[in-house]
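> Provided below are the primary sequence and the corresponding predicted coordinates.
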Amino acid sequence: MPSPIRVLMTGDDLLEPASRILDPIGAVIETMSGPIDPARMIATLSAKPFDAILVRANPPLGAAVLDAAGPSLRLISKMGAGVDSVDLAAATERSITVMTAGDANADATAEMAIALILAIRRDVVRLDARLKAGLWDRGRYTAIELRGQTLGIVGLGRIGRRVGEMARALGMRVIASGRPGAAASAFAGISTVPLDQLLAESDIVSLHCPMDASNRGFFNRAAIARMKPGALLVNTARGGLLDEADVAEALASGRLGGAALDTLAAEPPKPDNPLLTAPNTIITPHIAAETAATMERIAVMGAENVVNWFVRHEVIVDRVVNRAVLPKLKGVSLL
Ligand SMILES: O=C(O)CC[C@@H](O)C(=O)O
């Protein structure tokens with residue numbers, strides 16, 4: 001009888017749907033809950049061998065952690081989209097496949113981006129707070145409507161495209177660029193432009209690119225200086241894409257008209273994060289992807305990646321993040 005697939009799962013909130021997929025193949029799942037730092041990851045992985053890590057949030061998976069896992073580790077499967085805390089080069093070097101379930105939460109994240117665009121453009125949160133403080137602002141307050149405004153989408157992947165479709169339905173002009181240094185392919189009436197042009201023409205900029213070492217902090221004072229005065233920023237991607245001090249300063253001076261952020265560079269934020277006190281800024285706790293249907297889907301898709309890899313010996317190439325690993329996968333079919 002072949003030995004069972006050993007899976008380390010970070011977080012236990014999705015254990016039930018993941019088990020539904022993994023139990024029938026006799027996989028053994030061990031969960032890790034609570035805050036996870038590299039030392040804890042190293043201790044867990046060096047204590048016993050695992051074949052796969054099923055990642056709920058974003059535990060640090062750098063070279064030292066991967067070395068602690070040893071040669072048994074073949075697959076890191078993210079129950080979600082972002083793998084910014086995985087050292088992809090180190091994984092590739094060790095022939096470890098990194099896969100995502102990005103499709104599973106794209107709709108939920110795009111909806112949240114639109115919710116934040118509407119909320120920040122129409123001042124929903126501030127008006128609510130003012131009303132509850134006894135102020136009745138009707139007649140004193142004029143907003144700007146979205147129809148006719150330009151939305152600039154940075155990163156035209158699964159989420160960016162959906163945001164673009166919804167924004168067009170709201171009557172917005174939508175332009176898009178790739179992540180800094182990369183071009184985007186045109187999609188359904190969304191014209192693609194260089195990033196500088198996007199920054200210069202957009203009334204609202206919404207970030208939808210993955211983060212890695214090459215674009216960390218790219219949204220800084222220099223990027224803001226290229227924007228229309230008073231333009232708005234929406235970020236449902238990764239907080240580390242921003243230079244948070246520069247963004248807070250631009251919000252304080254009014255150079256940026258407002259920001260709606262679902263992600264921060266450090267989560268939860270440190271109490272002295274300047275964005276917490278920046279004017280006209282809405283912050284939500286990295287919740288964009290978290291709908292009930294999405295939670296179910298990411299667990300199922302993440303676990304299916306494990307089954308496909310180890311039992312069917314096949315990987316869906318679209319879900320592989322470190323595609324440089326593909327030539328190293330012997331005996332695995334690429335779909
Ligand atoms: O659970 C997470 O890692 C965050 C959810 C989302 O940002 C993702 O990357 O899929």
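Now that the structure is in, tell me what you want to look at.

> measure stretch 2-13 end to end?
29 Å (Cα to Cα, to the nearest Å).

> how far is that stretch from where the chain is centred?
Between the centre of stretch 2-13 and the centre of its chain there are 24 Å (Cα atoms, centre = their mean, to the nearest Å).

> swap in stretch 44-55?
That offset, for stretch 44-55, works out to 24 Å (Cα atoms, centre = their mean).

> go on, stretch 122-136?
30 Å.

> format the CA atom coordinates belonging to that stretch as PDB.
The C-alpha coordinates for stretch 122-136 follow below in PDB (Å, rounded to 0.1, in the frame of the first residue of the first chain):
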ATOM      1  CA  ARG A 122     -19.100  58.900  -2.500                       C
ATOM      2  CA  ASP A 123     -17.700  59.400   1.000                       C
ATOM      3  CA  VAL A 124     -20.000  56.700   2.400                       C
ATOM      4  CA  VAL A 125     -17.900  56.000   5.600                       C
ATOM      5  CA  ARG A 126     -17.300  59.600   6.500                       C
ATOM      6  CA  LEU A 127     -20.900  60.500   6.000                       C
ATOM      7  CA  ASP A 128     -22.100  57.600   8.100                       C
ATOM      8  CA  ALA A 129     -19.800  58.700  10.900                       C
ATOM      9  CA  ARG A 130     -20.800  62.300  10.700                       C
ATOM     10  CA  LEU A 131     -24.500  61.500  10.700                       C
ATOM     11  CA  LYS A 132     -24.000  59.300  13.800                       C
ATOM     12  CA  ALA A 133     -22.200  62.200  15.400                       C
ATOM     13  CA  GLY A 134     -25.300  64.300  15.000                       C
ATOM     14  CA  LEU A 135     -24.500  66.100  11.800                       C
ATOM     15  CA  TRP A 136     -27.000  66.100   9.000                       C
END
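
> contacting residues around that stretch?
Identification of contacts with stretch 122-136 by Cβ atoms under 8 Å, 6 or more residues apart in numbering yields 118, 119, 137, 141, 143, 280, 282. All C-beta atoms are positioned from the backbone trio N, CA, C, and that covers glycine.

> can we see that at 10 Å?
The contact list for stretch 122-136 (Cβ atoms under 10 Å, 6 or more residues apart in numbering) reads 115-116, 118-120, 137-138, 141, 143-146, 258, 260, 279-284.

> which parts of the chain sit against the ligand?
Neighbours of the ligand within the chain, by Cβ under 6 Å from any ligand atom: 56, 57, 58, 80, 81, 82, 105, 286, 289.

> at 5 Å what do you get?
Residues of the chain lying close to the ligand (Cβ under 5 Å from any ligand atom) are 57, 58, 80, 81, 82, 289.

> sort out for me which of the residues you listed are in strands.
Using DSSP state E, no member of the residues of the chain next to the ligand falls within strands.

> now those as TSV including pLDDT, neighbour count and distance to residue 326?
Shown next, in TSV, are the residues of the chain next to the ligand (pLDDT from 0 to 100; neighbours: other Cβ atoms under 10 Å; distance: Cβ to Cβ, whole Å):
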residue	pLDDT	neighbour count	distance to residue 326
57	79	16	26
58	78	18	24
80	93	25	22
81	93	22	20
82	92	21	21
289	95	25	27
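
> turn the residues you listed into CSV, columns for distance to residue 318.
Below are the residues of the chain next to the ligand laid out as CSV (distance: Cβ to Cβ, whole Å):
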residue, distance to residue 318
57, 23
58, 21
80, 15
81, 12
82, 16
289, 18
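
> ok, residue 88 - contacts?
Here residue 88 is in contact with 61, 76, 96, 98, 212, 213, 321, 322, 323, 324, 325 (Cβ under 10 Å, 6+ apart).

> make it 6 Å
By Cβ atoms under 6 Å, 6 or more residues apart in numbering, residue 88 lies in contact with residue 322.

> OK, contacts around the closest residue to the ligand within the chain?
Relative to the ligand, the nearest point of the chain is residue 80 (2.5 Å; Cβ to the nearest ligand atom). Going by Cβ under 6 Å, 6+ apart, residue 80 touches 105, 298.

> same question, residue 176
Contacts of residue 176 were listed using Cβ under 6 Å, 6+ apart, and they are 153, 156, 184, 190, 192.

> quickly list the domain ranges of the chain.
Domains of the chain are assigned by automatic domain parsing as 6-104+291-334, 106-283.

> low-confidence ranges in the stretch 1-150 of the chain?
Counting by pLDDT under 70, the stretch 1-150 of the chain contains low-confidence ranges at 1.

> where along it do the helices fall?
15-22, 38-47, 63-69, 88-93, 106-121, 124-132 (DSSP state H, counting those that start in this stretch).

> list the buried residues in the last one.
Of the residues in helix 124-132, those scored as buried under the neighbour-count criterion (16 or more other Cβ atoms under 10 Å) are 124, 125, 126, 127.

> out of those, who's nearest residue 270?
residue 125 (21.9 Å; Cβ to Cβ).

> average pLDDT for stretch 322-333?
Taken as a whole, stretch 322-333 has an average pLDDT of 94.

> neighbouring contacts of it?
Counting by Cβ under 6 Å, 6+ apart, 88, 91, 92, 95, 97, 98, 313, 314, 315 sit against stretch 322-333.

> tell me how far the residue of the chain closest to the ligand lies from residue 58.
Distance, residue 80 to residue 58, by Cβ to Cβ, to the nearest Å: 8 Å.
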